[in-house]
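K.L.:
3D, please:
(2 chains)
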Amino acid sequence: MGAGEKAQEAVHWDIEIKPTGPWWRVDFKEIWRYRDLTRLLVRRNLTTQYKQSVLGPLWLFLHPLLVTVTYTVMFGLVARISPKDMPPLLFYLSGIVPWTCFAGVLNRTATSLSGNAALFTKVYFPRLVMPLSTTFSSLFTFAMQVVLMLLIIGFYHFTGRYHWAPSMDILAFPLVILLITLLGLGGGIMVAALTAKYRDFSFVVTFGTQLLMFASPVIVPLEMAERQPVLYTILRANPMTPLIQSTRAMLFGQPVPWGDLVYSAGCTAVMLVLGLMVFQRIERSFTDVV
Amino acid sequence: MKTVQRHLPVLEATSISKRYQLGVTGARTLGDEIKRTWGRLTGAPDPLATVDLARPRTDGKEFWALRDISFTLNEGEVLGIIGRNGAGKSTLLKLFSRITTPTSGRIRLRGTMSSLLEIGTGFNPELTGLENIYLNAAILGMKKAEIDRKLSDIISFSGIEHHIDTPVKRYSSGMKVRLGFSVAAHLDPDIMVIDEVLAVGDAEFQRKCLGKMKDVSDGGRTVIFVSHNMTAIRALCSRVIWLHAGRVHMDGPTEEVVRAYLMSHSRPEANRRWEQDKAPGTAELRLVGVGVEQADPTQPLTTVDGFHFVIDLVNLGVDDGDLNVSLYVHNNEDILAFSTSWREGSMGNERLERGLRRFRCHVPPDLLNIGEYRVTVNVFRRGTLSFNLEDSISFEVNEPKREGNWYGRRKGVFIPRLQWALT
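P.N.:
You can find the predicted model right below:
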């Protein structure tokens, strides 16, 4: 702050510390002021994640690959429930990568309050910086995995195992990424605020996201579930379903379920607003109860 | 311009209060929370929500850590905040640092503020010293450009240039403190809030820390400094607020407030007397007085003063005289500093005649460390406890006034002067 600016602000107060404000007063300006901290935290998350491991960042690729191979063998080759018109490996990979992003954002933002309690009792910065930084680091991981996915699709295409013909819809893929991330973030900060009080939620969420995956088309193709009315209803209600479907549709040139995407967007908005509400209420009083 | 601004208020606290709920954290149920959340969603007023979302509606035990605190701080003032344990100092510090919010009232600040409640906040052991400088500085509110600019100063001030690319987990604790302090020393806020970080670290570190604080305050910055250390408060602060039971008890020039503070405590509770018929005890034995006796009662008791415990006991009906008196001395962390008894001290087999008897127990200088102590008196009849009076009196041992730059205090309950030799 320059001296001239200061003189002008003779009657202006820069910081006001008051009883917790209403939920809608999320101070986005302040969060923006702390963008350097957010960036440094993202870097910290990424650099410390694979410290003291021999393969290091290779795990970024190995993890989804190993899961994909497992699912391909179990569900594609043994149970034969993947769709017939594409290689099972591509089907599972294209489900696991967006799902891992969602689950990653959700699980990591969910612990962002309780996991940093010691820090929060010593210094102030907008608490939302923590979930935001974990979200950005998950997003980076996701980007790397999308590149991996494209390389594998390319490999299948050029070796003639699969004819890759994406449509122009692939340009809307960033929108799907955004929705997946925001949905995870919204749910995550809500759980983060709740776990600050009740540790039960942290167990519910890790276990819950796993269950939720079975209620999404990551493993079972949506068409296949149609014969099971209960499963189908749950699948359709899961806001992640249209996002997984759209990822596949956009990547492999199938018709994109735009209407369903609107449903996902609605759920995301509701989740995010609810999450912000709860988070805002708890972030300042949080240090009184830890 | 600086001279004009000196008189502008930079901090204004308007009747701030902070309420804590005692021991209710476990009593909440998830159902309550859901009801409350539902209430909030449907717009039902929730008066407790302004205090804390999770507080129950039940009027359980509550505790006002701060009550109606108001003051204004002008630019360049160095404010000391003193008070006994539990007076609300750390709560006030937390409010200024924005770690928690007030229950009511408001604090307004002009300019930027940094608070230093800990050295090396947020250090990550896996990251290198350099990476941690960036992270720690950003957590304390510095912008990246600012860190870039000050980086070489920070590194050279820390004195660990050679290890700056080593992960912090390989640092000694001294190196970590040096690095953390170096970052903190380069913060450049308009208002700085500092906890008693001086209580940790070695003498050299404390000296460095206080020297830096002196620079900061001489540079026209506003500082709020919370401490138990009257020497440090006297050396640094221009004004002192004395908190007592969550309220501002006194607010004024340093010397005035510090003297009043030091004089206040030991006196009232350090000596107690009872009328014989109202005195604690049994039908045969009455404890009519317990006290601390100093050579110079006009001065606060310090670590370099010896003193006496004086116990007045009236024997109304014990004829065989088989009595004993013992004392337990606890410090304010509830640690039993020592126990002592008349018989083991006098080594005698003396019988206690009827009437008023005065026991005197001498406590030598350089024994008890700085702090508050509570004395429990036990009276024994034929080797078994006849009665006791817990926390009969309390007294405080203060730091002696001294010259020089050493503001630290020794650790431990006792601070004996011991013989050292180098052979």
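K.L.:
doesn't residue A:123 fall inside a strand?
P.N.:
No. When the secondary structure is assigned by DSSP: H, G, I helix; E, B strand; the rest coil, residue A:123 falls in coil instead of a strand.
K.L.:
so who does it touch?
P.N.:
B:97, B:99, B:115, B:117-118, B:121-122, B:139-140 (C-beta atoms under 8 Å, 6 or more residues apart in numbering or on different chains). Just so you know, the C-beta spots here come from the backbone N, C-alpha and C atoms, and that holds for glycine as well.
K.L.:
what about residue B:148, distance to chain A?
P.N.:
For residue B:148, the distance to chain A equals 10 Å [C-beta to the nearest C-beta, to the nearest Å].
K.L.:
need the pLDDT of that residue.
P.N.:
With respect to pLDDT, residue B:148 scores 94.
K.L.:
that one: neighbouring residues, count only.
P.N.:
11 (other C-beta atoms under 10 Å in any protein chain shown).
K.L.:
before we move on, what about residue B:212?
P.N.:
Neighbour count for residue B:212, taken as other C-beta under 10 Å: 16.
K.L.:
tell me which element it falls in.
P.N.:
Under the criterion of DSSP states H and E, residue B:212 resides in helix B:203-218.
K.L.:
re earlier: quick one: which of the contacts of residue A:123 is most hemmed in?
P.N.:
For the contacts of residue A:123, the largest number of neighbours (other C-beta under 10 Å) sits with residue B:115, at 25 neighbours.
K.L.:
which one of the residues in the stretch 251-400 of chain B is closest to chain A?
P.N.:
residue B:251 (19.7 Å; C-beta to the nearest C-beta).
K.L.:
any idea how far the residue lying closest to residue A:61 once chain neighbours are set aside is from chain B?
P.N.:
Leaving out its chain neighbours, the residue that sits closest to residue A:61 by C-beta to C-beta, 6 or more residues apart in numbering or on different chains is residue A:148, at 5.1 Å. Here residue A:148 is placed at a distance of 25 Å from chain B (C-beta to the nearest C-beta).
K.L.:
OK, contacts around residue A:148?
P.N.:
Contact analysis of residue A:148 by C-beta under 8 Å, 6+ apart lists A:61, A:64-65, A:97.
K.L.:
list the helices and strands the helix holding residue B:212 packs on?
P.N.:
Contacts defined by 3 or more C-beta pairs under 8 Å, 6 or more residues apart in numbering or on different chains; DSSP states H and E place helix B:203-218 against helix B:173-185, strand B:222-226, helix B:230-236.
K.L.:
any idea of the angle that helix forms with strand B:222-226?
P.N.:
Interaxial angle, helix B:203-218 versus strand B:222-226 (axes from the mean of the first three to the mean of the last three C-alpha atoms, to 10 degrees): 140 degrees.
K.L.:
I'd like the average pLDDT over helix B:203-218.
P.N.:
Per-residue scores along helix B:203-218 average to 72.
K.L.:
in it, what's buried?
P.N.:
For helix B:203-218, burial by neighbour count (16 or more other C-beta atoms under 10 Å in any protein chain shown) applies to B:205-210, B:212-213, B:216-217.
K.L.:
same question, stretch B:150-169
P.N.:
Residues of stretch B:150-169 classed as buried by neighbour count (16+ other C-beta under 10 Å): B:150-151, B:154-155, B:157-158, B:160, B:163-164, B:167-168.
K.L.:
can you tell if stretch A:109-121 touches chain B?
P.N.:
Yes. Residues of stretch A:109-121 are located near chain B by C-beta under 8 Å from any C-beta of the partner chain, namely A:119-121.
K.L.:
on the three-state scheme, residue B:283 is what?
P.N.:
Assignment for residue B:283 (three-state DSSP): coil.
K.L.:
actually residue B:326, not the one I typed
P.N.:
strand.
K.L.:
does it have beta-bridge partners, and which?
P.N.:
Residue B:326 has these beta-bridge partners by DSSP bridges: residue B:341, residue B:378.
K.L.:
hang on, residue A:156 packs against residue A:88?
P.N.:
No. In this structure, residue A:156 is not within contact of residue A:88 by C-beta atoms under 8 Å, at 11.4 Å.
K.L.:
tell me which element the nearest residue to residue A:110 once chain neighbours are set aside is part of?
P.N.:
Spatial nearest neighbour of residue A:110, excluding adjacent residues (C-beta to C-beta, 6+ apart): residue A:191 at 4.0 Å. Taking DSSP H and E as the definition, residue A:191 sits inside helix A:173-197.
K.L.:
same for the next helix-or-strand element following that helix, what does it pack against?
P.N.:
Using DSSP H and E, the next helix or strand after helix A:173-197 towards the C-terminus is helix A:200-214. Packing partners of helix A:200-214 (3+ C-beta pairs under 8 Å, 6+ apart): helix A:88-110, helix A:173-197.
K.L.:
and the longest one with helix A:88-110, angle?
P.N.:
Comparing the axes of helix A:173-197 and helix A:88-110 via the same axes, to 10 degrees yields an angle of 40 degrees.
K.L.:
with only the CA atoms kept, save stretch B:182-195 in PDB.
P.N.:
Taking Å, rounded to 0.1, in the frame of the first residue of the first chain, the C-alpha atoms of stretch B:182-195 are listed here in PDB:
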ATOM      1  CA  SER B 182      14.200 -14.800   9.900                       C
ATOM      2  CA  VAL B 183      11.000 -14.900   7.800                       C
ATOM      3  CA  ALA B 184       9.000 -13.300  10.600                       C
ATOM      4  CA  ALA B 185      11.600 -10.600  11.100                       C
ATOM      5  CA  HIS B 186      11.100  -9.600   7.500                       C
ATOM      6  CA  LEU B 187       7.400  -9.200   7.700                       C
ATOM      7  CA  ASP B 188       6.500  -5.600   7.100                       C
ATOM      8  CA  PRO B 189       3.000  -5.000   8.400                       C
ATOM      9  CA  ASP B 190       1.500  -1.800   9.700                       C
ATOM     10  CA  ILE B 191       0.300  -3.500  12.800                       C
ATOM     11  CA  MET B 192       2.100  -6.400  14.400                       C
ATOM     12  CA  VAL B 193       0.700  -8.700  17.000                       C
ATOM     13  CA  ILE B 194       3.200 -10.700  18.900                       C
ATOM     14  CA  ASP B 195       2.800 -13.500  21.500                       C
END
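K.L.:
any idea how far it is from the chain center?
P.N.:
21 Å (C-alpha atoms, centre = their mean, to the nearest Å).
K.L.:
list the buried residues for that stretch?
P.N.:
By neighbour count on 16+ other C-beta under 10 Å, the buried set for stretch B:182-195 is B:182-187, B:189-195.
K.L.:
check those residues one by one and keep those near chain A.
P.N.:
Residues of the buried residues of stretch B:182-195 in contact with chain A (C-beta under 8 Å from any C-beta): residue B:190.
K.L.:
got the buried residues of stretch B:182-195 as TSV, with pLDDT columns?
P.N.:
Formatted as TSV, the buried residues of stretch B:182-195 follow (pLDDT from 0 to 100):
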residue	pLDDT
B:182	86
B:183	89
B:184	85
B:185	83
B:186	86
B:187	85
B:189	85
B:190	86
B:191	88
B:192	86
B:193	88
B:194	85
B:195	82
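K.L.:
from the buried residues of stretch B:182-195, which single one is nearest residue A:204?
P.N.:
residue B:195 (37.0 Å; C-beta to C-beta).
K.L.:
the closest one against residue B:228, yeah?
P.N.:
No. At 10.8 Å, residue B:195 and residue B:228 do not qualify as touching, with contact defined as C-beta under 8 Å.
K.L.:
report the backbone C-alpha coordinates of stretch A:204-218 in CSV.
P.N.:
What follows is stretch A:204-218, C-alpha atoms only, in CSV (Å, rounded to 0.1, in the frame of the first residue of the first chain):
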residue,chain,number,x,y,z
VAL,A,204,-18.5,-41.7,5.7
VAL,A,205,-17.0,-39.8,2.9
THR,A,206,-14.1,-42.1,2.0
PHE,A,207,-16.4,-45.1,2.1
GLY,A,208,-19.3,-43.2,0.5
THR,A,209,-17.4,-42.1,-2.5
GLN,A,210,-16.4,-45.7,-3.1
LEU,A,211,-20.0,-46.8,-2.9
LEU,A,212,-21.1,-43.9,-5.1
MET,A,213,-18.7,-45.2,-7.8
PHE,A,214,-20.7,-48.4,-8.1
ALA,A,215,-23.8,-46.1,-8.5
SER,A,216,-22.1,-44.5,-11.5
PRO,A,217,-21.4,-45.7,-15.0
VAL,A,218,-17.7,-46.1,-14.3
